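S.K.: Based on what follows, work out the 3D shape:
(2 chains)
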Protein chains: 2
Amino acid sequence: MKIMADSIPTEAEGVKVLLGEPVHRDFFYLYQGNIIYSEGGAQTIYVMDHAFWGRILFLNGTLQFTTRDEFIYHEALVHIPVQITKPKGIKKVLICGGGDFGAARELLRYRDIEKVIIADIDPKVPEIVRKYFPELVPPQDPRLDLLITDAFKFVQNLAEKGEKDFDLVIIDSTDPDIPSGEFVLELSHSLFSPEFHQLLREIAPNGLIVQQAATPFTMKNVLDWTFKTFVQVYGKGEVFCYRADIPSFGGDNAYVLRCPQPDPWSPKREEPAGVKYYTHHVHRASFALPKFWSEVIG
Amino acid sequence: MKIMADSIPTEAEGVKVLLGEPVHRDFFYLYQGNIIYSEGGAQTIYVMDHAFWGRILFLNGTLQFTTRDEFIYHEALVHIPVQITKPKGIKKVLICGGGDFGAARELLRYRDIEKVIIADIDPKVPEIVRKYFPELVPPQDPRLDLLITDAFKFVQNLAEKGEKDFDLVIIDSTDPDIPSGEFVLELSHSLFSPEFHQLLREIAPNGLIVQQAATPFTMKNVLDWTFKTFVQVYGKGEVFCYRADIPSFGGDNAYVLRCPQPDPWSPKREEPAGVKYYTHHVHRASFALPKFWSEVIG
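M.R.: Predicted structure coming up:
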């Protein structure tokens, strides 16, 4: 039995471990399970089989998703922005990060979406998800392109080429590492910068842009930073925040949305088939924020 | 350093411990902090000082509340039922359990509420809360009565006496212990029974009745049981469910509501002063349930 992610050997396959995930100061989530895959590459990766959560992916010691509740995270990330638009309102989508395919799986439920591009920096994530998390991978689909590339540089190149056609950009990354207001370790650092959003604005001048912004109760500086960045780049009138309770994250996760269309809380399509979390009622409710969140987003 | 509540000596004051709270199979929340009070009485009690959560009360090894987020639990428990009624719609309130005063504190914000009775079985809880959690205790108020009594027997006596005047009953107890569909250990057992609700119906024939029903993601049998009990006793047309994300509980907590008035999702009073969670927008949103919850409550 080992405790804490950084004390697990990176080659730990087949080992039963007690893995502690730091959530906040002196507070951890503790998982007892079997490590079925482990590796130290661009990011440290563990796959754990767990009696309650099913299968769990850890990146850099932090839980990314579980097979038991990833549907909530991905449905909230995708269906809320898509359902704000009328049918045929979204043709071309870019996912920055999202190499786990979960967001793409939800997008491809809409037959009117013509192109979905995933730009993820880590080649290991799609490989591991295909092998260990097949339920996240959508059926073979010619509309989907997976690119292993730094999303920042990819968007920079698109902007330089004058690309302006994206209707929706989804930033589906790890939480940035800002324990003291500074981004330091996480690869997702650059995807939370104003420079990146300036570029997104160029490639999606009238598009919707959504970014996952962590769980504000334990990491409110991520929401604070992300919301301020959105307001700075897109202007306050186009910026919204919504939430979804993801139990393996410990509660409500925040999503920051740039929406140049009025009335984002009103869905404008039929409810998607095959979902387990999203409903039109949930869509409307997602924009109601606890009073204390307003302290964060002003 | 000790791990797991049942390995902590009941006289552990002043000891720094690592306390594991079982959440589900092979899954724990782990708190490192100082035990400043401990006792094994009717219920095992610990009070911990914690760097993130502030001060925590554990009963029988399960976290009851933290000073950092108890306001969410108590505001959702109280303001949603009260705000369903017009001013002067609620004069007499019974709290079953609730010896921590948190629900009473929220109720007494309303000047038109004339009487609040707490009926809690454990004399230790109010005593400890007065000493270690003064922020939960409302200012001295002649409208408040604290009775140390078994709420089941208390309600039985009221019903026998023909009492019919309660406008609101709040069941604010520990989670019942039903890992396998059976109530066994917890003192709150009887407060989840159809027999108890039959008695409540007698003392509050036209009243609102709300019961906290645990976090369905990890304990969905509590919601299932509670909702079915309400439907059986009050009839489906008067039974509703709402939710609030309480981070120290790991996400959305369920509340089951008996409301004989139409339109419980529409608040009918001004927003209360001094709250940190509740807003009218949050009130309406609280009744929007994730699609997978509907599997539980049919």
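
S.K.: Longest helix in chain A, by number of residues?
M.R.: Ordering each helix of chain A by length in residues (DSSP state H) puts helix A:216-234 first.

S.K.: Mind giving me the packing neighbours of that helix?
M.R.: Judged by 3 or more CB pairs under 8 Å, 6 or more residues apart in numbering or on different chains; DSSP states H and E, helix A:216-234 is in contact with helix A:194-203, strand A:208-212, strand A:239-246, strand A:251-258, helix A:291-297. The way it works is simple: take the backbone N, C-alpha and C, and place the C-beta from them, glycine included.

S.K.: Distance to B:Ala76 for those - can I get that in CSV?
M.R.: Formatted as CSV, the helices and strands packed on helix A:216-234 follow (distance: least, CB to CB, whole Å):
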stretch, distance to B:Ala76
helix A:194-203, 35
strand A:208-212, 25
strand A:239-246, 13
strand A:251-258, 13
helix A:291-297, 12
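
S.K.: how about the longest helix of chain A: buried residues?
M.R.: A:216-231, A:233-234 (16 or more other CB atoms under 10 Å in any protein chain shown).

S.K.: and the next element down the chain from the strand ranked longest in chain A?
M.R.: With secondary structure taken from DSSP state E, chain A has its longest strand at strand A:27-40. Scanning forward in sequence from strand A:27-40 by DSSP states H and E, the next helix or strand is strand A:44-50.

S.K.: Show me what that following strand packs onto, helices and strands only.
M.R.: Using 3+ CB pairs under 8 Å, 6+ apart, the elements in contact with strand A:44-50 are strand A:16-24, strand A:27-40, strand A:54-59, helix A:124-132.

S.K.: Just put those in TSV and tack on distance to chain B, mean neighbour count and mean pLDDT.
M.R.: Converted to TSV, the helices and strands packed on strand A:44-50 look like this (distance: least, CB to the nearest CB, whole Å; neighbours: other CB atoms under 10 Å in any protein chain shown; pLDDT from 0 to 100):
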stretch	distance to chain B	mean neighbour count	mean pLDDT
strand A:16-24	4	19	88
strand A:27-40	4	19	92
strand A:54-59	10	22	95
helix A:124-132	18	17	96
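
S.K.: for the most centrally placed residue in chain A, phi and psi?
M.R.: Centre of chain A computed as the mean C-alpha position; nearest residue by CA atoms, centre = their mean is A:Asp172, 2.8 Å away. In terms of degrees, to the nearest 10, the main-chain angles of A:Asp172 are phi -120, psi 70.

S.K.: now the one 3 residues further on
M.R.: Backbone dihedrals for A:Asp175, given as degrees, to the nearest 10, come out at phi -60, psi 140.

S.K.: Which residue, other than its chain neighbours, is closest to it?
M.R.: A:Ala214 (4.5 Å; CB to CB, 6 or more residues apart in numbering or on different chains).

S.K.: so the residue nearest to the centre of chain A bridges to which residues?
M.R.: Bridge pairing for A:Asp172 (DSSP bridges) gives the partners A:Gly97.

S.K.: ok, back up a step: run a quick neighbour tally on the residue nearest to A:Asp175.
M.R.: Using other CB atoms under 10 Å in any protein chain shown, the number of residues around A:Ala214 comes to 21.

S.K.: ok, now A:Lys88?
M.R.: The criterion is other CB under 10 Å. On that basis, A:Lys88 has 11 neighbouring residues.

S.K.: list the contacts for it?
M.R.: Taking CB atoms under 8 Å, 6 or more residues apart in numbering or on different chains, we find A:Lys88 in contact with A:Asp112.

S.K.: so the longest helix of chain A versus strand A:239-246, what angle?
M.R.: Direction vectors for helix A:216-234 and strand A:239-246, defined by axes from the mean of the first three to the mean of the last three CA atoms, to 10 degrees, enclose an angle of 150 degrees.

S.K.: So which residues make contact with helix A:216-234?
M.R.: Applying CB under 8 Å, 6+ apart, the external contacts of helix A:216-234 come out as A:23-24, A:175-176, A:178, A:181, A:192-194, A:197-198, A:201, A:209, A:211, A:213-214, A:239, A:241, A:250-252, A:254, A:256, A:258, A:260, A:293, A:296-298, B:52, B:69, B:247.

S.K.: Now restrict those residues to buried residues only.
M.R.: The buried subset of the contacts of helix A:216-234 - by 16+ other CB under 10 Å - is A:23-24, A:175-176, A:178, A:192-193, A:197, A:201, A:209, A:211, A:213-214, A:239, A:241, A:250-252, A:254, A:256, A:258, A:293, A:296-297, B:52, B:69, B:247.
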